[in-house]
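Asker: Following is a predicted model, sequence given first.
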Amino acid sequence: MTAAVFTVLSREGRARRGVLCTAHGLVQTPAFMPVGTHATVKACHPDEVAATGAEMILSNFYHLSLRPGLDLIAEFGGLHAFMSWPGSILTDSGGYQMVSLSSLLDFDDEGVTFRSPYDGGTVRMTPESVILGQVRIGVDVAMALDHPSAFGASDNQIRDATRRTHRWAARCREVSPGRTLVFGIVQGGFDPELRRASAETVAGMGFDGLAIGGLVLGEPANIRRAAIEACVDAVPDPLPRYLMGMGSDLELLDAITQGVDMFDCVLPTRLARTGTAMTRAGRLVLRRGAYRQDDRPLELGCACPACGRFSRAYLRHLYQAGEILGHRMVSLHNLHHLGQLMAEVRLALESGGLGELVAHRRAEMAAAGAAASGSYGSIPPGP
Ligand SMILES: [Zn+2]
């Protein structure tokens, strides 16, 4: 079954150009998934999201199951129909939210009990209920329930959380998922050996794909790189590999050259909230006075709805005036920016030109004075 789910079309080094087959169509990889936590990519119409090149979006099972609730979504024919998104949907299970953000009441190998942040009610979730819930609302890819560790957690905490993640993963595999693909999540903290062992364990359970969780938490790039390498080495070649939570240009290119196929991140829409555009030259912060009379688009040659019509000066004015059109336009621009990056990467991989593309993008960033590492590295706080 796995071979039909994901097909590698071409390679360059460890990087792969592939295609993931889901119940709602094909997803060309490497792929960036815009994040629609609450069943909407913030401020963007689904048609506009599709026009950025996105074939799959990410939503969050934890949030949706608490609000509006699975019954309501199921009544409307599932998540695709409810939010009117015709493409593919992957839902994160919400292990991170349950363990890290919720008011945790009880937490053991059987499952998690927490207080809902929406209505204060007591909620119980288990590995089985999390998969069944995602299947019930008809998502294309469901994520197993995992127990992530925080950056800086002790070795013992990381080992405990990783063992629990494995036990939960095995129980997730016991649930019949119908047409929904199920991805396992690799944990293991920042120790490459523990990462490798976790990837081997989870990959051995027969999931349709493997997600690398518990990274992009502010760890140094070399530590992240070693952890990714350990995971990729241990994952059987035909399985799609998904790195959770990464969305800045050079980091994406880095991970793609390491053999990662899929990504998601709130960065494009979250940066837009503060009037920050993602460009080939790094971040463009519209509030800066330098753009007050700037008649250029955010990025020359960008095909997004903002760059086709509006000047930096006008967009800056929208932010200064607190007008929501600014947020919408910069969100779409940022999503187009990453969609375009992925399209260029896929094209380059078809002709063995990825190395050249990466070198060119690095040079462009460096020439513009953007720090080669972490120019988009920090994500402003927010829901
Ligand atoms: Zn644009």
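Answerer: Yep, that arrived.
Asker: Please name the residues that touch Pro305.
Answerer: Going by CB atoms under 8 Å, 6 or more residues apart in numbering, Pro305 touches 48, 329, 332. (Each C-beta comes from the backbone N, C-alpha and C, glycine too.)
Asker: try 6 Å
Answerer: Leu332 (CB atoms under 6 Å, 6 or more residues apart in numbering).
Asker: Next, it: phi, psi?
Answerer: phi -60, psi -30 (degrees, to the nearest 10).
Asker: can you pull out the strands in the stretch 151-300 of the chain?
Answerer: Ranges of strands in the stretch 151-300 of the chain, per DSSP state E, counting those that start in this stretch, are 181-186, 209-212, 241-243, 262-265, 276-279, 282-285.
Asker: What mean pLDDT does the first one get?
Answerer: Looking back up the chat, that one is strand 181-186. Per-residue pLDDT values across strand 181-186 average out to 98.
Asker: which other helices and strands contact the host helix or strand of Cys21?
Answerer: Element membership for Cys21 (DSSP states H and E) is strand 15-22. Strand 15-22 sits against strand 6-12, strand 25-29, helix 324-350, with contacts defined as 3 or more CB pairs under 6 Å, 6 or more residues apart in numbering; DSSP states H and E.
Asker: most tightly surrounded among these?
Answerer: helix 324-350 (a mean of 21; mean count of other CB atoms under 10 Å).
Asker: and the helices and strands packed on strand 15-22 as a markdown table, adding mean pLDDT and distance to the ion?
Answerer: Shown next, in a markdown table, are those (pLDDT from 0 to 100; distance: least, CB to the ion, whole Å):
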| stretch | mean pLDDT | distance to the ion |
| --- | --- | --- |
| strand 6-12 | 97 | 28 |
| strand 25-29 | 98 | 21 |
| helix 324-350 | 98 | 4 |
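Asker: can the ones you listed go into JSON lines with extra columns for distance to Met262?
Answerer: Listed next are the helices and strands packed on strand 15-22 as JSON lines, based on distance: least, CB to CB, whole Å:
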{"stretch": "strand 6-12", "distance to Met262": "10"}
{"stretch": "strand 25-29", "distance to Met262": "6"}
{"stretch": "helix 324-350", "distance to Met262": "10"}
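Asker: What mean pLDDT does stretch 311-318 get?
Answerer: Mean predicted confidence for stretch 311-318 is 98.
Asker: And that stretch, what's buried?
Answerer: 311-312, 314-318 (16 or more other CB atoms under 10 Å).
Asker: Also stretch 144-158?
Answerer: Buried-residue list, stretch 144-158, by 16+ other CB under 10 Å: 144-149, 153, 158.
Asker: Give me the neighbour count for whatever residue of the stretch 101-250 of the chain ends up closest to the ion.
Answerer: Among the residues of the stretch 101-250 of the chain, Asp249 lies nearest to the ion; the distance is 14.3 Å by CB to the ion. By other CB atoms under 10 Å, the residues close to Asp249 number 21.
Asker: Of the helices and strands packed on strand 15-22, give the one that comes closest to Met205.
Answerer: strand 6-12 (16.3 Å; CB to CB).
Asker: strand partners of the closest one, parallel vs antiparallel please.
Answerer: As defined by DSSP bridges, the strand partners of strand 6-12 come to strand 15-22 (antiparallel).
Asker: Redo the strands of the stretch 151-300 of the chain as JSON lines? Include distance to Gln340 and mean neighbour count.
Answerer: Shown next, in JSON lines, are the strands of the stretch 151-300 of the chain (distance: least, CB to CB, whole Å; neighbours: other CB atoms under 10 Å):
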{"stretch": "strand 181-186", "distance to Gln340": "26", "mean neighbour count": "28"}
{"stretch": "strand 209-212", "distance to Gln340": "24", "mean neighbour count": "26"}
{"stretch": "strand 241-243", "distance to Gln340": "20", "mean neighbour count": "26"}
{"stretch": "strand 262-265", "distance to Gln340": "14", "mean neighbour count": "25"}
{"stretch": "strand 276-279", "distance to Gln340": "10", "mean neighbour count": "24"}
{"stretch": "strand 282-285", "distance to Gln340": "15", "mean neighbour count": "18"}
